[in-house]
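Chemist: could you work out the structure for the sequence below:
(chains A, B, C and D)
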Protein chains: 2
Amino acid sequence: MKRITIYDVAKEADVSLATVSRVINDSNVVREDTRIRVQEAIEKLGYKPNAIAQGLALSKTTTISIVMSEKLFSYNSKILNGLMDVAKIYNYNIMLHTTSKGISKMQDVIESIVKSRVDGVILFNDNFSEEELEVLHLYQIPMVVVGSKIEDKKDGNVGNVYIDFEKLAYEFVNSYFEKGITDISLVEDKLNLSMMHQLRQGVEKAYQEKGMKFEKYITYDDTYRSSYDFLTEYFETTKPSELVITFRDSQAIAFINACHEAGIKVPEETQVVAILDDKYLRMVRPTISSFNFPDYDMGAIAMRLLTKMLVNDEAVKENKDIEIGYTYIQRQTTRLD
Amino acid sequence: MKRITIYDVAKEADVSLATVSRVINDSNVVREDTRIRVQEAIEKLGYKPNAIAQGLALSKTTTISIVMSEKLFSYNSKILNGLMDVAKIYNYNIMLHTTSKGISKMQDVIESIVKSRVDGVILFNDNFSEEELEVLHLYQIPMVVVGSKIEDKKDGNVGNVYIDFEKLAYEFVNSYFEKGITDISLVEDKLNLSMMHQLRQGVEKAYQEKGMKFEKYITYDDTYRSSYDFLTEYFETTKPSELVITFRDSQAIAFINACHEAGIKVPEETQVVAILDDKYLRMVRPTISSFNFPDYDMGAIAMRLLTKMLVNDEAVKENKDIEIGYTYIQRQTTRLD
DNA sequence: TTGTAAGCGTTATCAC
DNA sequence: GTGATAACGCTTACAA
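Modeler: Model (predicted):
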């Protein structure tokens, strides 16, 4: 069956295609009775405008690319929900690109983004490099980076919706210094090294200011199937610090399990906090302290920012950097005093 | 800066645009030295073919739509990974559509799918209706439904990659009958009613064959923030069945927590199994039994099936239904005897 | 082997 | 108000 086009509708309604185009675009210069006639023809034929042809004619695809690491998919689902919802509101389509070790390098993703002529892109701040950003910049595609802070940003059409992990770590560690606790471990999460880097910076800064040196950045190689496996093993033989900071829920859960099995009492002998909150943290026993970020809102804000950049909103020219706040959630694995 | 087109390349290389088109499409009729000349021009100008224009010219967008419920995002991440990876291999772009209660109804999603002129669609078998499927069918968009079995399928270009949840439930319940256990509860998960329906069918069938009636389908209304909250409360006051089957990890975890707090021993007094496996099931204590499905593979298989349908592979004409197997994973919440 | 020109389905600029 | 017609950027017969 032949795909029906604007011509078919024009013929059916006995008008020119220009008129049909006018009614589907709500141009108000068309007379009421012909509008109705055209509408009926559209209805009758089941006509849907071809977005591809529109895209070509308008040099505008009304689609936005989202790129994120495949591994981070389930963790970022809330942010994605926020992104999708406001994209929907503004009638943007979403093109999804994932990066993963073997199959799709950032280079390919950029290639297909450029070819697709999307109007803008949302980039999760994971594992892309300076040069890769540069390419997107070269093609002048408006974008906003969401997640953590990007440094050394070329001024141009790139926005940033971020959490200041450095500040978070700095302040949190300082609050423990005040309790007299200085033996602190930070456990690396390989899935998001850029955020880990910022956390580490914050911790180191806090130590430095006290004239101490931070030395317990716990890292491990890829021989472990997961950070969970590593931690389970690691803490069975290594005496844990007074405070252990992990990035993800799974790491914290692994840690408390290992403690339990080794007979170490949490939070009496060691306290633990996961940076990223997740529902599982309150499902396990003891419940695990963490930080709450407004994930959904971050996504929504990021997408809103991008749409504003796309219509060249003046208000957005000034301020394309939005810092997102967070709150500490005290649960059973940390002590208040 | 003006977007550079095939004309610019043609001029730069001093050939016609047809020739440029030939080299970017690997047409082998072009002489080696002119190919090189064109390649150099492309390189020099940083030319990337406009996929929109290509789409229009070819009536083929090389993009595939994926539609799934927003709520199910994090749960389906593995399947999505599989889908994305093979889409990447076949050079398809992915358009992502989510459905959610308030904002985007299936109707709108279909509308934008049709307008986008995507080549095919992957549909997660959640909450769409017969008529909605019908619309897609009307526009002759090839699609494959992934997740559970669709019934009463119009023969045409729709495939199905599925798990037979009815069979799973039927066989599992029967295995417990053999152990002499007949007091069994099935806990509803509102996020995926189509799968729940199939599970329930299987359980009921097993009961029926034994001349019994299945009565413990545990459901609850939306006043609860989550199934977790409900279960925690429910099982604090209600004596649990000998075997409790939940759909998701969070429900099973809620249940064992409630048991723990109520002093009920698992698996001695009540056994629990979650249908969908997830890493958290082996992180909690006791570890929770479940079924393992090859999520990633399901995604990969579904996408591969779709791509075959798109090239009109003869081999696929016959068999567009692929059943996916599963294995039972015995952990600490169930007993072997 | 290469070039010319029609066509893909729209929108937008003109006239009328 | 409405209708021709030229873009938009590419592919692909058909000619040369």
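
Chemist: can you list the residues of the stretch 101-250 of chain A near DNA strand C?
Modeler: By C-beta under 7 Å from any atom of the strand, no residue of the stretch 101-250 of chain A approaches DNA strand C. Where you see a C-beta, it was placed from the backbone N, CA and C, and this is true even at glycine.

Chemist: show me where the stretch 101-250 of chain A has its strands.
Modeler: Per DSSP state E, counting those that start in this stretch, the stretch 101-250 of chain A carries strands over the ranges A:120-124, A:143-148, A:158-163, A:184-187, A:217-218, A:243-246.

Chemist: I'd like these as a markdown table, with distance to B:S112 and mean neighbour count appended.
Modeler: Output for the strands of the stretch 101-250 of chain A, formatted as a markdown table (distance: least, C-beta to C-beta, whole Å; neighbours: other C-beta atoms under 10 Å in any protein chain shown):
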| stretch | distance to B:S112 | mean neighbour count |
| --- | --- | --- |
| strand A:120-124 | 17 | 24 |
| strand A:143-148 | 22 | 25 |
| strand A:158-163 | 25 | 24 |
| strand A:184-187 | 43 | 24 |
| strand A:217-218 | 46 | 17 |
| strand A:243-246 | 40 | 25 |
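
Chemist: is it possible to get JSON lines of those that adds mean pLDDT and distance to A:L306?
Modeler: Listed next are the strands of the stretch 101-250 of chain A as JSON lines, based on pLDDT from 0 to 100; distance: least, C-beta to C-beta, whole Å:
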{"stretch": "strand A:120-124", "mean pLDDT": "94", "distance to A:L306": "5"}
{"stretch": "strand A:143-148", "mean pLDDT": "91", "distance to A:L306": "5"}
{"stretch": "strand A:158-163", "mean pLDDT": "94", "distance to A:L306": "7"}
{"stretch": "strand A:184-187", "mean pLDDT": "96", "distance to A:L306": "33"}
{"stretch": "strand A:217-218", "mean pLDDT": "94", "distance to A:L306": "35"}
{"stretch": "strand A:243-246", "mean pLDDT": "96", "distance to A:L306": "32"}
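
Chemist: you'd agree A:L336 is in a strand?
Modeler: No. Using DSSP: H, G, I helix; E, B strand; the rest coil, the secondary structure at A:L336 is coil, not a strand.

Chemist: any idea how far A:I4 is from the residue lying closest to it once chain neighbours are set aside?
Modeler: In this structure, A:L336 finds its nearest non-sequential neighbour in A:Q330, 6.5 Å apart by C-beta to C-beta, 6 or more residues apart in numbering or on different chains. According to C-beta to C-beta, to the nearest Å, A:Q330 and A:I4 sit 62 Å apart.

Chemist: how about A:M196?
Modeler: Counting by C-beta to C-beta - A:M196 and A:I4 are separated by 54 Å.

Chemist: between those two, point out the one with more neighbours.
Modeler: A count of neighbours by other C-beta atoms under 10 Å in any protein chain shown puts A:M196 above the other of A:M196 and A:I4, at 22 against 15.

Chemist: ok, how many other residues are close to the closest residue in space to that one that isn't next to it in sequence?
Modeler: When the adjacent residues along the chain are set aside, A:M196 lies closest to A:E188, with 5.5 Å between them (C-beta to C-beta, 6+ apart). Residues within reach of A:E188, counting by other C-beta under 10 Å, total 20.
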